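S.K.: Below: sequence and its predicted model.
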Amino acid sequence: ANLLGKAPASEAPLGGPPPDSVHTITRELVLKAWAKLGGEATCPEIVAKIKKDKKLSARVASELNKARQDSGDEVWEELVPRIMKDEGEWTKEKRVSEGSDRPVKIFRLREPAA
């Protein structure tokens, strides 16, 4: 018998965020909102889209609000810029968008590698 035993498949690999963590859920929401915005968007536009879209905002309410820090900060909103940098690339352009009075970088969603 194998004494070491295999870790059950449900356990997240070491160092990775646990399944259904705030980061995982936020990433799904960001990618959906980004696609709905045509694959190019700024961070404030994505946050606004998630808040306006019935399905996306429902997930925020049900799955993310319970993960709020005591300070009342929206943890997921702080993750959006990081996820956009991970999943997309800057178009080298900026625009003033909803929710910000200064130009912000427009990111293009990277095509998934086939």
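M.R.: The structure has been received and is ready for your questions. Numbering: from 1, shown residues only.

S.K.: helices or strands next to the helix of greatest length in the chain in the packing?
M.R.: Taking DSSP state H as the criterion, the chain has its longest helix at helix 22-36. Where contact means 3 or more Cβ pairs under 8 Å, 6 or more residues apart in numbering; DSSP states H and E, helix 22-36 is packed against helix 43-52, helix 54-59, helix 75-87, strand 104-109. To be clear about C-beta, it is placed using only N, CA and C from the backbone, and glycine gets the same treatment.

S.K.: pLDDT weak spots in the chain?
M.R.: 1-20, 66-73, 99, 112-114 (pLDDT under 70).

S.K.: So the residue most central in space within the chain versus residue 94, what's the distance?
M.R.: For the chain, the residue nearest the mean C-alpha position is residue 27 (2.9 Å; Cα atoms, centre = their mean). Separation of residue 27 from residue 94 (Cβ to Cβ, to the nearest Å): 23 Å.

S.K.: coming back round to it: excluding chain neighbours, what is closest to the residue nearest to the centre of the chain?
M.R.: residue 83 (5.1 Å; Cβ to Cβ, 6 or more residues apart in numbering).

S.K.: Quick one: neighbours of that neighbour, just the number.
M.R.: By other Cβ atoms under 10 Å, the residues close to residue 83 number 21.

S.K.: same thing with residue 94?
M.R.: When neighbours are counted by other Cβ under 10 Å, residue 94 comes out with 13.
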